[in-house]
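>>> just to be clear, the model below is a prediction. Sequence and coordinates:
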Amino acid sequence: MILEKIAENYLWFLVAILAVNLYQRKFAPRSYKKRTATLILASLAMLWQVFIVIILSRGWPHWMAIPALVLTVLIAIPFRNRILLFKTHCDRCNAPLTMTATINFDDNLCVKCWEEDHPEQATTEETEEESPSEVPTIAQTKNVDDIDWDSWEPDETAVLCYLFDGDNVLLIHKKTGLGKGLVNAPGGHIEEAETASEAAMREITEETGVTVSSVEYKGLLEFQFTDGLAMRGHVFFAYEHTGDICETDEADPFWCPIAELPYDKMWEDDPLWIPLALEGKNFIGRFIFDGEKMLSSKLIEVQEPSV
């Protein structure tokens with residue numbers, strides 16, 4: 001009887017967890033880790049609900065809900081460092097935290113300690129009804145290390161494809177869209193039901209007129225712009241092609257000697273990761289831009305590229 005009662009009301013428990021997660025979104029970027037924690041907790045709660053439904057539907061003894069709960073807890077153990085984030089006292093001075101800070105703020109700092117670390121963003125008081133405008137948004141962040149990139153989500157996903165022919169690489173003078181007027185590689189957005197590699201091969205044909213039959217994945221680029229735009233880019237290299245380059249509505253393509261890449265006319269992040277890619281290394285690059293001005297960057301060399 002008790003198990004049936006739990007099953008009947010369990011949905012409201014899940015709704016409460018998800019409502020907390022939605023509430024946490026108002027406090028980004030200070031709430032990314034705790035937002036992830038609530039999603040993990042919701043997933044674990046749903047797992048136990050599945051166990052309960054199976055037990056009831058199959059007419060198994062209700063005491064089996066206990067080992068099912070134990071199993072759910074065991075599954076949660078590998079995630080314990082990402083779940084046990086909610087504290088009621090300041091990590092630094094041990095002062096009691098408000099409910100807002102306990103639920104939302106990853107740093108678990110009281111208002112006094114947080115103001116000491118962030119004098120330029122400090123508020124005079126912290127209340128249960130704290131306005132999201134009092135907390136820096138992700139678009140206001142000017143340091144890549146202040147963003148939880150594991151929780152960061154792009155608004156757009158695009159590709160870049162560098163085609164090599166001997167000692168030359170195919171570049172374009174971009175005529176439209178983001179980066180108009182700059183020199184870049186052919187590229188664009190990934191369309192629905194299209195893989196990144198397929199998008200890279202399609203875009204190079206659409207922008208330059210040449211055709212490539214295969215591409216090689218080199219690395220990942222993630223951009224956060226201060227106007228709020230978040231973009232992820234996948235970088236590919238190609239080494240064989242057919243056809244001749246021709247100007248299109250989107251781009252004016254040209255062959256450039258690899259040793260003479262015009263970095264002064266390209267995005268400011270390009271000189272950081274292109275040399276690494278040319279050395280045959282794979283990478284993850286993360287950047288914050290204000291328009292075309294780079295504010296912060298971080299480049300990570302990785303062993304295995306993933307897309």
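Structure's in. What do you need? Residues are numbered from 1 along each chain as shown.
>>> next, Trp63: secondary structure please.
Secondary structure, DSSP: H, G, I helix; E, B strand; the rest coil: Trp63 is helix.
>>> okay, stretch 95-113 in CSV with CA atoms only?
C-alpha atoms of stretch 95-113 as CSV (Å, rounded to 0.1, in the frame of the first residue of the first chain):
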residue,chain,number,x,y,z
ALA,A,95,28.7,31.9,8.1
PRO,A,96,25.2,30.7,7.5
LEU,A,97,24.1,30.9,3.8
THR,A,98,20.8,32.1,2.6
MET,A,99,18.5,29.6,0.8
THR,A,100,19.3,31.4,-2.5
ALA,A,101,23.1,30.8,-2.0
THR,A,102,22.6,27.2,-0.9
ILE,A,103,20.5,26.2,-3.9
ASN,A,104,22.1,28.3,-6.6
PHE,A,105,25.7,29.5,-6.0
ASP,A,106,28.4,27.0,-6.9
ASP,A,107,31.1,28.7,-4.8
ASN,A,108,29.0,28.4,-1.5
LEU,A,109,30.2,31.8,-0.4
CYS,A,110,28.3,34.2,1.8
VAL,A,111,27.7,37.7,0.4
LYS,A,112,30.7,39.2,2.3
CYS,A,113,33.2,36.6,1.0
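>>> distance from that stretch to the middle of the chain?
Mean-position distance between stretch 95-113 and its chain equals 25 Å (C-alpha atoms, centre = their mean, to the nearest Å).
>>> any buried residues in it, and which?
Neighbour counts over stretch 95-113 (16 or more other C-beta atoms under 10 Å) mark 97-98, 100-111, 113 as buried. Heads up, the C-betas are built off the backbone N, CA and C, glycines and all.
>>> again with stretch 246-262
Going by neighbour count (16+ other C-beta under 10 Å), the buried part of stretch 246-262 is 248, 250-253, 261.
>>> go on, stretch 34-51?
Neighbour-count burial for stretch 34-51, with 16+ other C-beta under 10 Å as criterion, is recorded at 34-39, 41-42, 44-45, 48-49, 51.
>>> just these now: which is nearest Ser151?
Lowest distance from Ser151 to these (C-beta to C-beta) belongs to Thr36, with 5.3 Å.
>>> where in this structure is pLDDT low?
Low-confidence segments of the chain, defined by pLDDT under 70: 1, 117-137, 305-307.
>>> if we can go back for a sec, now, which of the buried residues of stretch 95-113 lie within helices?
For the buried residues of stretch 95-113, membership in helices holds for 100-104, 111, 113, with DSSP state H as the criterion.
>>> picking up where we left off before, looking at the buried residues of stretch 246-262, which are in strands?
Assignment to strands by DSSP state E places the following of the buried residues of stretch 246-262 there: 251-253.
>>> of the buried residues of stretch 95-113, closest to Leu278?
The shortest approach to Leu278 among those belongs to Asp106, at 37.5 Å (C-beta to C-beta).
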